Structure formats: C-alpha cells, structure tokens
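# show me the folded form of this:
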Amino acid sequence: MPMTRAAKFGAMVLLGTLGLTIPALAQDASNPQRVSAATPVKPVTTVPFVAHRAIYDLQLDGRKQSTSVDSMRGRIVYDFSGNACDGYALNFRQVTEIGLSGGGVNTSDLRSATFEDDKGHSFRFNSQNYTNQKVDGVVDGQASRADSGGIAVALKKPKTTKFDLSKEVLFPTGQMKAIVAAAQAGQHVFESQVYDGSDGGQKIYDTLAVIGSAISPDKPREGAAIGAKELDGIDRWPVTISYFDPSKKVVGEQTPVYTMSFDLYADGISGNLTLDYGDFRLRGTMASLDFLPQTACK
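You can find the predicted model right below:
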C-alpha cells in the first residue's frame, strides 16, 4: 500500500513545519519503457495486499550546509488492513523531532486515517497535524469516482468546498497496485497523477515512479523484513517515486518537490525508506513488522 501517500504527506508537513519549499534531486527518466495510468497494465500474477503493521525509525542521512536543519529523528507507525472486497484502511502516524541550526527544536506529529475501495471508486481521508503539540492543520473529506471516470471531491475541513478531478487521477492504493503491475510486466517507468488529500486537500501531484529490476530472492532483506517468513518467495523491486507540483510553471527541466525510495514487495509492503527533501535526507529503517489477521473476501 500507499506508503507513498503516507510518507509523502509527512514530507509536505515537515517542509511546512520548517517553512521550506525545497526541490529534491531530479531523477533519471531516460528509460524508454514508460507506462502511464491512462494505459494500465495487468499484473503477471496476483498477490493480495496484506494487512500489516510496520514501524520505521527515522534518522538524518545527509544535509546541505545551507539548510536550517541541524538534526532530525523520528518514527513512522503504519497500520494497513482490509482486502480487495471490503477496501483498504490505513492508520498512519509520523512523529519527527527537528533540531534547528539556530537553536531550538520543533516537533511535528502527523496523524492520518484513510479508506479506499479496491476499484478506485471512493477515497475517504482525515488528518491532523500538530506542531509542538498544537494543532496547525486539519483535513477531512472524501472523493468519489463516477461511472464516467471523473472524480468529485467534497471537503469538510479545512473549509467546506467541492471540486472535480479528471478520470486519469489515481488514489494512493490504486497507484501502488498500478506500480506493482507495471513492475510485474517488466516496465521500468510509471507515470500518474495522484490525489491523496494532502496539502489542505486541494492538490494533485504528477508522479514518476522509476522501477528497478526485480531483486534476486538470494539477496538478503533489510530491517525487520529479514526474519519475516511471510515474505519468502514474494517478489520485490527497488522503486523511486518523485512528486511534482503541476501548478508550478517552470522553464526547462522541472525538479520534484519530494522524492522517496524503497523496496516494494508485491504484497504491498515497503522495505527500508529513503526520504529526500532536497536540502536534507532521511533514512527510515524498518524496526518491526507484524502481519495482522487477513480478512478473506466473502
């Protein structure tokens, strides 16, 4: 599932906490094997996304001298459940402690709950962000896809509003399933527009997923995935996803506002993470992984 959505949401919150708008490093998109959400591919095999709870410990993994960030650490708790018949629920929390070069510490605490059906017809989202234990952002709303493919979004918070999105837009779990399908089909680039309810609930992002060759089963897994027998025989690929803001008009090559890299398993689990904000980079190590009771389709 959409670790992409959750971590990207956390990324946008962190940038807001620091008062930054930082482009990340541009990715090499020269590979000619491209596929987009407008031309979906079917997976070679069907591996259900599994219910699981993963915890990732975050540490600063590099920074530019010019950044205001002096130190950073945190934790992501990621709780995913559901199935293709009933839909998928995600409860996510990211707490990050940010030491500033001028002195002082800011604490960002993002809490998010979402639900998405397997067909991409509906997406519900609710999130709250706390900075230094004070609420500084709440988003609550839902998006519904009509039979024609067009999407209607209704927000309750931060303010009541309605707007429409094009039929090419994906929701987060749909995006992740499409990336897995592209990987299984041997594709190395997947492009899509994604709506995840972040940034006040009124933005979509252009995304570019660069998919590496399948990782050999003989290569040791990392973090808590090492001892997970449930992952034996499950295909995985190195994936880098870049998020671009289509509302920003630029001359020349556009750079992403945020980039994340991780090992993507065919059952929806994300391995160790690298979260690149441009001026600084975080490493997320999977500290624990629990497989939750799987609910079968009725």
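# may I have the secondary structure class of the residue lying closest to Pro220 once chain neighbours are set aside?
Using C-beta to C-beta, 6 or more residues apart in numbering and skipping residues adjacent in sequence, the residue nearest Pro220 is Ile226, 6.7 Å away. All C-beta spots, glycine's among them, are computed from the backbone N, C-alpha and C. Using DSSP: H, G, I helix; E, B strand; the rest coil, the structure places Ile226 in helix.
# with Pro246 instead?
coil.
# that one: how many residues sit nearby?
Using other C-beta atoms under 10 Å, Pro246 has 11 neighbouring residues.
# what do you get for Ser261?
By other C-beta under 10 Å, the residues close to Ser261 number 20.
# if it is in a bridge, with which residues?
Listed by DSSP bridges, the beta-bridge partners for Ser261 are Thr240, Thr274.
# for the one 4 residues further on, same thing?
When bridges are assigned using DSSP bridges, the partners listed for Tyr265 are Arg236.
# hang on, the earlier thing: if I look at the residue nearest to Pro220, how far off is Ser192?
As judged by C-beta to C-beta, to the nearest Å, Ile226 and Ser192 stand 31 Å apart.
# look at the two and report which has more neighbours.
Each of Ile226 and Ser192 has its neighbours counted (other C-beta under 10 Å); Ser192 has more, 23 against 11.
# low pLDDT regions in the stretch 51-200 of the chain?
The model of the stretch 51-200 of the chain has pLDDT under 70 over residues 66.
# picking up where we left off before, mind checking how far the residue nearest to Pro220 is from Ala287?
12 Å.
# then Val138?
Distance of Val138 to Ala287, given as C-beta to C-beta: 29 Å.
# show me where the stretch 1-150 of the chain has its strands.
34-36, 52-63, 69-83, 87-100, 105-116, 122-131, 134-145 (DSSP state E, counting those that start in this stretch).
# packing partners of the second one?
In terms of contacts (3 or more C-beta pairs under 8 Å, 6 or more residues apart in numbering; DSSP states H and E), strand 52-63 is packed against strand 69-83, strand 270-276, strand 280-291.
# can we see that at 7 Å?
Packing partners of strand 52-63 (3 or more C-beta pairs under 7 Å, 6 or more residues apart in numbering; DSSP states H and E): strand 69-83, strand 280-291.
# mean neighbour count and distance to Leu264 added to those strands, as TSV?
What follows is the helices and strands packed on strand 52-63, written out as TSV (neighbours: other C-beta atoms under 10 Å; distance: least, C-beta to C-beta, whole Å):
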stretch	mean neighbour count	distance to Leu264
strand 69-83	19	14
strand 280-291	19	13
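# adding distance to Lys157, write the ones you listed out as TSV.
Formatted as TSV, those follow (distance: least, C-beta to C-beta, whole Å):
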stretch	distance to Lys157
strand 69-83	22
strand 280-291	28
